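Asks: Structure for the following, please:
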Amino acid sequence: MSAQQVSLEQMAALVEARPGRPRVVVAGNFATPWPAVSALDAVLPEWTLHMLNPQVGSVPDRPGVVLETCFIGPGMREKPTLSYVPSRLSMVPLLLRTNLPPDVVVLHTTLPARGAVSLGTEVNILPAAVDAARARGGLVVAVVNPAMPWTYGDAELDMDLVDVLCELDQPLQAAAPSVPDDASINIGARVSARVSDGATLQAGIGQVPDAALLGLHDRRSLGVWAEMISDGIASLDHSGALDADRPIVASFMFGTEELYRWADGNRRLRMLRTETVNDPARISANPLMVSINSALEVDLFAQANASSVHTRTYSGFGGQPDFVVGALHSRGGQAMIALRSWHPRADRSTIVPMLSGPATSFQHTAVVTEQGTALLWGRDQGAQATELIEHAADPRARDGLREHAVGRRIT
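Replies: As a prediction, the model looks like this:
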């Protein structure tokens, strides 16, 4: 059965005609088709919008709309109707099958070709959302856009799974080019020094992970198994650092238009669904798996908080716990937390006595700042705390941290 081709307004009317208050899963990150969101919001008095890491755009901000997410992006942060559902990213597909079943899924895809469309820059939880919606008679909408790059793997979706097709012709949202500052470059150099030829890479979002990738252009036979890829991965490919015989595995993109051009039609790039990419067992099967993530703070028990600011959830767990566990179980793998030693806006140390919010991950291989590298793996609790104080903390914070460690009998 071929998809019904309609306008965005007609698509919204089809959703409006469905009974009840709909939960609508929409592509997140930089793949959101904002005109489709606006069309839905114009006709639905009450609805739930579920997105991952939504960027700034036409996010509805009114009574009657619940903004639901398992990873808070800048488009939803601080919104009064926000509903944050804590979950590791690998478990979100399970939530969509159980507690958070979608009534409608709105995809942002390529134009149809050979009986399929491609999800392009954002695969992530969307295949799971499509499966869950179709299992309960939900509606699957493809907003097709000639600007969307064609990617392979689970990104390719058979048109038989699409109910409604809408056309949209506009440039994709993209991230601003990342320009690491001196501190980020310093930290990145320390991180990259720990990465050997043949390693498999995962790097999170931010200046520090981007800077770490910059220092790897002289490596060879590197692999990529990451939930997110940025321009840094494309740059490594251009430099010859990546193993040409290994697929580049990812689930979504977070980068510039140059990244999209590199990805378009790139058969080495395999965009796979979240429950595959973020499965710790699959992550651990990669040789020399290196997980590079950042955090808001790390405490003397070597726990990292990358999700909350003084009990207010800033982002959420995301995929960091999945990749930390997977990397630690990889033969020769390592999980690194890379961050500045001093938070410039809050004007305080990022190495703290105790976390101010819930732990996102723990039991890391090392914590790296511009001050140095704290080696944690295999050391007892006191030695870990000493490493963090003497090698990762800003000198301004060390006396207070030493006093706390002694007073609490950590060291």
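Asks: For the rest of this, base every contact and every neighbour count on C-alpha atoms.
Replies: OK.
Asks: How many neighbouring residues does Val324 have?
Replies: Per other C-alpha atoms under 10 Å, the neighbour tally for Val324 reads 30.
Asks: cool, and Gly57?
Replies: 17.
Asks: host element of it?
Replies: Gly57 is located outside every helix and strand, with elements delineated by DSSP states H and E.
Asks: Would you quantify the distance from it to Gly206?
Replies: Distance, Gly57 to Gly206, using C-alpha to C-alpha, to the nearest Å: 20 Å.
Asks: what do you get for Leu111?
Replies: For Leu111 relative to Gly206 (C-alpha to C-alpha), the value is 31 Å.
Asks: ditto for Leu259
Replies: Distance from Leu259 to Gly206, by C-alpha to C-alpha: 16 Å.
Asks: Mean confidence (pLDDT) on stretch 310-320, please.
Replies: Averaging pLDDT along stretch 310-320 gives 89.
Asks: all numbers from here: first residue = 15
Replies: I'll keep to 15 as the first residue from here, and by that count the last item is stretch 324-334.
Asks: State the distance spanning the first to the last residue of it.
Replies: 19 Å.
Asks: And for the helix ranked longest in the chain, what's in contact with it?
Replies: Counting residues, the longest helix in the chain under DSSP state H turns out to be helix 409-421. Residues from elsewhere that reach helix 409-421, judged by C-alpha atoms under 8 Å, 6 or more residues apart in numbering: 314, 363, 365-367, 399, 403-404, 425.
Asks: Sitting in helices, which of those do you find?
Replies: Ala399.
Asks: which of the contacts of helix 409-421 lies closest to Gly340?
Replies: Lowest distance from Gly340 to the contacts of helix 409-421 (C-alpha to C-alpha) belongs to Leu314, with 23.0 Å.
Asks: how about the nearest residue to that closest one, chain neighbours excluded?
Replies: Ala399 (4.8 Å; C-alpha to C-alpha, 6 or more residues apart in numbering).
Asks: do the same with Ser253
Replies: Ser253 sits nearest to His231 (C-alpha to C-alpha, 6+ apart), 5.9 Å away.
Asks: Assign a three-state SS to the one you found, would you?
Replies: Three-state call for His231 (DSSP: H, G, I helix; E, B strand; the rest coil): coil.
Asks: tally of neighbours for it?
Replies: His231 has 18 nearby residues by other C-alpha under 10 Å.
Asks: Then Pro358?
Replies: Pro358 has 10 nearby residues by other C-alpha under 10 Å.
Asks: what separates it from Arg412, distance-wise?
Replies: Pro358 sits 17 Å away from Arg412 when distances are taken as C-alpha to C-alpha.
Asks: ditto for Asp172
Replies: Taken as C-alpha to C-alpha, the span from Asp172 to Arg412 is 57 Å.
Asks: more neighbours, those two?
Replies: Arg412 (20 against 14).
Asks: thinking again about what came up before, could you check which of Leu125 and Gly220 is surrounded by more residues?
Replies: Leu125 (21 against 16).
Asks: my read: Ser104 touches Asp336, true?
Replies: Yes - Ser104 is within contact range of Asp336, at 6.9 Å (criterion: C-alpha atoms under 8 Å).
Asks: list residues touching both of these two?
Replies: Overlap of the contact sets of Ser104 and Asp336 (by C-alpha under 8 Å, 6+ apart) consists of 292-293.
Asks: residue contacts, Ser244?
Replies: Counting by C-alpha under 8 Å, 6+ apart, Ser244 has contacts 224, 267-270, 273.
Asks: Return the closest of those residues with respect to Ser97.
Replies: Phe268 (23.6 Å).
Asks: Stretch 99-109: end-to-end distance?
Replies: Taking C-alpha to C-alpha, the first and last residues of stretch 99-109 lie 10 Å apart.
Asks: just the strands in the stretch 115-264 of the chain please.
Replies: 118-123, 130-132, 153-158, 166-167, 170-172, 178-181, 214-217, 237-239, 242-243, 262-264 (DSSP state E, counting those that start in this stretch).
Asks: and Pro49, which of these is closest to it?
Replies: Set against Pro49 and scored by C-alpha to C-alpha, the strands of the stretch 115-264 of the chain come closest in strand 153-158, at 9.6 Å.
Asks: Give me the contact list for the closest one.
Replies: Contacts with strand 153-158, where a contact means C-alpha under 8 Å, 6+ apart, come from 25, 29, 47, 50, 117-126, 144, 147-148, 175-183.
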